[in-house]
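Visitor: here is my input; please provide its structure:
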Amino acid sequence: MASNETFLPIQQANRDVNQKHPVQGERRNRRALGDIGNLVPASTLNEIGKPQLQITRPITRTFRAQLVANAQAVDKNAKKPQEEASNADVAQKKHEETPRRKLKKPTKSLTSVLTARSKVACGITTRPKDPIINIDQSDINNELAEVEYVEDIYKFYKLTETEGGLRDYMNSQPDLNAKMRAILVDWLIEVHRKFELMPESLYLTVNIVDRYLSMRTVPRKELQLVGISAMLIACKYEEIWPPEVNDLIAISDNAYTREQILGMEKAVLGVLGWYLTVPTPYVFLVRYTKASVPSDVEMENMVFFLTELGLVHYSIVMGNSHSKLAASAVYAARCTLNKTPAWTGTLKYHTGYCEDELRNCAKSLVNFHACASETKLKAVYRKYVNPEKGAVALFPPARSLMVELGGGESS
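Guide: Numbers count the residues shown, from 1 in each chain. I've put the predicted structure just below:
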């Protein structure tokens, strides 16, 4: 048996090694570790992949309640991220549906305030645009109003209002003058009122007279015959029951025979080429009065009163187109009735005329209004002094448009 001295060198060598590598030496001398409970068998994993609690003691009533509470806590923790995500979606949706708050208006600087005040002082303020009113809105279901085509119709009227052959003819009539024409038209207005004819008939009658006189020379003694024949033609064109020839003979105090009236009727139609569908001032008056919002019976009567005053005067008829005469009458009527503003954007849109273009003609109409009760030719005045016409002839004329009569026609 070997002695201890025999193993001393070996033990000494091991000690030297252990001093140099102490961990390795301990590992060599340490026994293998057993199960310390940190390894979980695969069978102990639950459905969500988490380790189940190892039950190493009897399940009491209290312990069972604790296990159930722990399981519910685990489920709540698993559902919490999903609930947070859904709550975030709901909050985002509410945020999108909630209207955004209006941004605070930036405060004006001192420079902008001073600039605005300077513009006001200089009279260069920018006024808001006058809105264009749809005057056909109330007639949208009225088939007779032709709402779809009415604007195109009136554009066509304005293009063709100068194609009727009407021109300045008084210099070519050696036997006639403007005063004689005024007397004839005044008498025709009186006849028109007594027969209770449509307004279209009166305007077409005057148009036929002027067109015929611009094409043919007429002696003074036949001027009234031309007027009677023109009214007969206009009534046959416009009226359902036109007056008979005998009625016209009677109202002209038997100045002409039946044959003379029918002969002049045929001559007038031949000269005019049977061209009777012309845009008279009446068609424009109807449209422009409607554009004078708000329009009422008083406004309509005043417009027709001023227009008929203009029809009597040769210079007004020849110096203005039919549409311009109608627009001027509407403008003068608004000034007479103190409508504000006197000329609106809606009227400018539908008439095509601005206020400055109408002022001269409107001034003449207002002056005729001021003198209507004093002139010898009072057919228009008597017609519109009647309460049935609103007695608009008694209204004071528009002071803003009144000028002294001078250089015009004397009636």
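Visitor: where along the stretch 201-350 of the chain do the helices fall?
Guide: Under the criterion DSSP state H, counting those that start in this stretch, the stretch 201-350 of the chain carries helices at the ranges 223-238, 245-251, 258-272, 281-291, 297-312, 314-319, 322-336, 345-351.
Visitor: could you give the angle of the fifth one to helix 281-291?
Guide: For helix 297-312 against helix 281-291, the angle between stretch directions is 150 degrees (axes from the mean of the first three to the mean of the last three CA atoms, to 10 degrees).
Visitor: packing partners of helix 297-312?
Guide: helix 178-195, helix 199-213, helix 281-291, helix 314-319, helix 322-336, helix 355-371, helix 379-384 (3 or more CB pairs under 8 Å, 6 or more residues apart in numbering; DSSP states H and E). No exception for glycine: its C-beta is placed from N, CA and C like everyone else's.
Visitor: rebuild those helices as a markdown table, extending it with mean neighbour count, distance to residue 70 and mean pLDDT.
Guide: Output for the helices and strands packed on helix 297-312, formatted as a markdown table (neighbours: other CB atoms under 10 Å; distance: least, CB to CB, whole Å; pLDDT from 0 to 100):
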| stretch | mean neighbour count | distance to residue 70 | mean pLDDT |
| --- | --- | --- | --- |
| helix 178-195 | 19 | 109 | 95 |
| helix 199-213 | 23 | 101 | 95 |
| helix 281-291 | 21 | 86 | 94 |
| helix 314-319 | 18 | 107 | 93 |
| helix 322-336 | 27 | 91 | 95 |
| helix 355-371 | 20 | 91 | 94 |
| helix 379-384 | 20 | 104 | 95 |
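Visitor: want to throw those helices into TSV with distance to residue 246?
Guide: Below are these laid out as TSV (distance: least, CB to CB, whole Å):
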stretch	distance to residue 246
helix 178-195	13
helix 199-213	18
helix 281-291	27
helix 314-319	31
helix 322-336	33
helix 355-371	35
helix 379-384	23
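Visitor: out of these, flag the one nearest residue 168.
Guide: Closest of those to residue 168 is helix 314-319, at 5.1 Å (criterion: CB to CB).
Visitor: what ranges in the stretch 51-200 of the chain fall below the confidence cut-off?
Guide: Applying pLDDT under 70 to the stretch 51-200 of the chain flags residues 51-61, 63, 74-108, 119-120, 122-130, 164-165.
Visitor: for residue 313, what are phi and psi?
Guide: Per-residue torsions, residue 313: phi -100, psi 120 (degrees, to the nearest 10).
Visitor: now do it: how many residues are near it, please.
Guide: A count of neighbours around residue 313, defined by other CB atoms under 10 Å, yields 21.
Visitor: other residues contacting stretch 212-222?
Guide: 165-169, 172-176, 180-181, 226, 230, 264, 268, 271-272 (CB atoms under 8 Å, 6 or more residues apart in numbering).
Visitor: filter the residues you listed to the buried ones?
Guide: 166, 169, 173, 176, 180, 181, 226, 230, 264, 268, 271, 272 (16 or more other CB atoms under 10 Å).
Visitor: nearest to residue 210 among those?
Guide: residue 166 (5.6 Å).
Visitor: contacting residues for the closest one?
Guide: So residue 166 contacts 207, 210, 211, 214, 318 (CB under 8 Å, 6+ apart).
Visitor: in a strand, it, correct?
Guide: No - counting by DSSP: H, G, I helix; E, B strand; the rest coil, residue 166 is not found in a strand; it is coil.
Visitor: tell me how far it lies from residue 307.
Guide: With distances taken as CB to CB, to the nearest Å, residue 166 is found 16 Å from residue 307.
Visitor: likewise for residue 396?
Guide: For residue 396, the distance to residue 307 - CB to CB - is 19 Å.
Visitor: and the helices and strands packed on helix 297-312: which comes nearest residue 143?
Guide: Once the helices and strands packed on helix 297-312 are compared by CB to CB, helix 281-291 is nearest, at 17.3 Å.
Visitor: hang on, the earlier thing: farthest pair within the buried ones among the contacts of stretch 212-222?
Guide: 180 and 272, at 21.0 Å, using CB to CB across the buried ones among the contacts of stretch 212-222.
Visitor: the more surrounded of residue 396 and residue 307?
Guide: residue 307 (27 against 9).
Visitor: wait, that one sits on residue 329?
Guide: Yes - with contacts counted by CB atoms under 8 Å, residue 307 reaches residue 329, the gap being 4.3 Å.
Visitor: list residues touching both of the two?
Guide: Common neighbours of residue 307 and residue 329 (CB under 8 Å, 6+ apart) are 285, 365.
Visitor: coming back round to it: out of the helices and strands packed on helix 297-312, which is closest to residue 141?
Guide: helix 281-291 (16.4 Å).
Visitor: now the closest one against helix 223-238, angle please.
Guide: Using the same axes, to 10 degrees: helix 281-291 against helix 223-238 is 60 degrees.
Visitor: and helix 281-291 with helix 322-336, angle?
Guide: Using the same axes, to 10 degrees: helix 281-291 against helix 322-336 is 40 degrees.
Visitor: just checking, what packs against helix 281-291?
Guide: helix 150-160, helix 199-213, helix 297-312, helix 322-336, helix 345-351.
Visitor: the same query, at a cut-off of 6 Å, please.
Guide: When contacts are defined as 3 or more CB pairs under 6 Å, 6 or more residues apart in numbering; DSSP states H and E, helix 281-291 sits against helix 199-213, helix 297-312, helix 322-336, helix 345-351.
Visitor: tell me how far stretch 146-164 lies from the chain's centre.
Guide: Here stretch 146-164 is found 20 Å from its chain centre; the criterion is CA atoms, centre = their mean, to the nearest Å.
Visitor: and stretch 321-332, by the same measure?
Guide: So, by CA atoms, centre = their mean, the centroid of stretch 321-332 is 23 Å from its chain's centroid.
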